[in-house]
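Enquirer: Let me see the structure of the following:
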Amino acid sequence: MAPKADFPPVRACLFDMDGLLLDTEDIYTACYNIILQKYGRPNLPWSLKAQLQGRPGPQASQLFHAWAQLPLSNEEFAAEQAALQRDNFPSTQPLPGVVQLLEDLGRTRWWDLQQKATNNGDSSENQTQKPKRVHIALATSSNSTNFAIKTSHLSDLFSVFPSPHRVLGDDPRIQAGRGKPLPDIYLLALATINAALPPSESPITPQECLVFEDSVPGVEAGRRAGMRVIWCPHPKLKELYVGQEDAILAGRMGAAGEGIDEHQLGQPGDGWGQYLETLEAFPYERYGIVVPSKEVDKDEKMQETASG
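Expert: Next comes the predicted model:
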């Protein structure tokens with residue numbers, strides 16, 4: 001399926017990490033429940049977990065402790081939780097379809113190489129209509145410590161995200177209190193891409209971006225940023241929101257409150273959001289993305305630009 005006439009081809013893909021790229025959500029839940037059971041509290045319900053997903057640590061912690069009422073200080077809970085996470089996060093693995101999707105998007109840099117080889121100063125409309133590289137960035141609420149724990153054993157997978165295009169939850173460029181569901185993290189991720197574009201390439205607009213999210217606050221952040229969104233949630237989260245999918249994809253669940261960047265929010269069924277059960281067999285044509293054949297990986301120039 002080709003992209004709708006009123007949407008330009010996607011030029012940048014911006015990815016959440018937990019529960020979207022990595023199978024960490026059940027690990028998070030297990031760590032919470034171990035501590036809750038230790039102090040005689042019930043297991044973490046999905047109704048609360050849905051509110052914690054995607055949010056920066058301080059905001060998620062405030063929501064959790066208001067519900068849990070544990071006989072611990074926030075600092076004591078954080079220490080117990082961190083110890084459990086250090087034991088369990090190093091075993092996390094990519095979710096279905098993630099490896100192939102990132103490989104495919106990384107391979108689109110071939111189009112840059114081809115254009116440089118054949119352009120010869122041609123700036124005609126014919127050139128602008130040729131397949132384009134899709135730039136990628138990471139935008140995760142995980143802080144730098146947790147990011148390292150979760151990804152150190154997956155360095156090859158995350159090598160597709162150059163360091164300047166990794167925006168983490170404790171990035172000092174994001175103002176305190178402006179994490180997801182507010183749009184700042186995705187706007188910053190786009191800014192890191194635009195800052196690295198060559199002079200010959202026009203800046204990428206939010207409408208040319210595709211955000212990949214599993215959480216409801218994350219989808220809202222993408223929509224508030226004026227971007228198109230893929231929602232690929234945990235099955236339990238999907239069950240919780242049966243019948244509300246269109247409102248979620250429009251960013252209309254109100255996670256950020258009223259009066260904040262609302263001009264960017266959509267309407268149910270506006271085509272800016274899509275639900276996917278998994279990232280397997282991703283519909284590239286719908287978004288105007290052209291992935292070259294795997295044969296181009298053998299090109300010496302591709303290997304020289306593998307980190308570009």
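
Enquirer: so what's the backbone phi/psi at the nearest residue to residue 277 once chain neighbours are set aside?
Expert: Leaving aside its chain neighbours, residue 277 sits nearest to residue 232 (7.3 Å; criterion: C-beta to C-beta, 6 or more residues apart in numbering). Yep, even glycine has a C-beta here, placed from its N, CA and C like the rest. When read as degrees, to the nearest 10, the backbone of residue 232 gives phi -130, psi 80.

Enquirer: neighbours around residue 232, how many?
Expert: 24 (other C-beta atoms under 10 Å).

Enquirer: shouldn't it be in contact with residue 274?
Expert: No - counting by C-beta atoms under 8 Å, residue 232 stays clear of residue 274, with 9.2 Å between them.

Enquirer: Point out where this protein drops to low pLDDT.
Expert: Counting by pLDDT under 70, the chain has low-confidence residues at 1-5, 117-129, 256-263, 303-308.

Enquirer: which residues of it fall in helices?
Expert: Secondary structure of the chain, counting by DSSP state H: helices at 25-38, 46-52, 57-68, 74-88, 98-107, 110-118, 125-128, 144-151, 155-158, 184-195, 216-224, 235-240, 245-249, 300-304.

Enquirer: these two touch, right, residue 64 and residue 52?
Expert: Yes - between residue 64 and residue 52 there is a contact under C-beta under 8 Å: 6.2 Å.

Enquirer: With mean neighbour count and distance to residue 16 as extra columns, can I get the helices of the chain in TSV?
Expert: Converted to TSV, the helices of the chain look like this (neighbours: other C-beta atoms under 10 Å; distance: least, C-beta to C-beta, whole Å):
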stretch	mean neighbour count	distance to residue 16
helix 25-38	16	11
helix 46-52	17	14
helix 57-68	15	14
helix 74-88	14	18
helix 98-107	19	11
helix 110-118	16	26
helix 125-128	9	31
helix 144-151	18	12
helix 155-158	13	13
helix 184-195	21	9
helix 216-224	29	5
helix 235-240	14	13
helix 245-249	20	14
helix 300-304	11	27
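
Enquirer: can you list those helices in a markdown table and add distance to residue 135?
Expert: Output for those, formatted as a markdown table (distance: least, C-beta to C-beta, whole Å):
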| stretch | distance to residue 135 |
| --- | --- |
| helix 25-38 | 27 |
| helix 46-52 | 30 |
| helix 57-68 | 28 |
| helix 74-88 | 31 |
| helix 98-107 | 9 |
| helix 110-118 | 10 |
| helix 125-128 | 17 |
| helix 144-151 | 20 |
| helix 155-158 | 16 |
| helix 184-195 | 5 |
| helix 216-224 | 16 |
| helix 235-240 | 28 |
| helix 245-249 | 23 |
| helix 300-304 | 16 |
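
Enquirer: Looking at these, which is nearest to residue 207?
Expert: helix 184-195 (10.9 Å; C-beta to C-beta).

Enquirer: ok, residue 10 touching residue 228?
Expert: Yes - using C-beta under 8 Å, residue 10 makes contact with residue 228 at a distance of 7.2 Å.

Enquirer: Find residues that contact each of these two.
Expert: Common neighbours of residue 10 and residue 228, using C-beta atoms under 8 Å, 6 or more residues apart in numbering, are 209-210, 287.

Enquirer: top of the residues you listed by neighbour count?
Expert: Neighbour counts for those, by other C-beta under 10 Å, peak at residue 209, which reaches 25 neighbours.

Enquirer: show me the residues around that residue that make contact.
Expert: Taking C-beta under 8 Å, 6+ apart, one finds 10-14, 186, 190, 225, 227-228 in contact with residue 209.

Enquirer: So which of those residues are in strands?
Expert: If you go by DSSP state E, the contacts of residue 209 have 12-14, 228 in strands.

Enquirer: want to throw those into a markdown table with distance to residue 280?
Expert: Output for those, formatted as a markdown table (distance: C-beta to C-beta, whole Å):
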| residue | distance to residue 280 |
| --- | --- |
| 12 | 22 |
| 13 | 16 |
| 14 | 20 |
| 228 | 20 |
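
Enquirer: Among those residues, which one lies nearest to residue 181?
Expert: Distances from residue 181 to the ones in strands among the contacts of residue 209, taken by C-beta to C-beta, are shortest for residue 14, at 14.8 Å.
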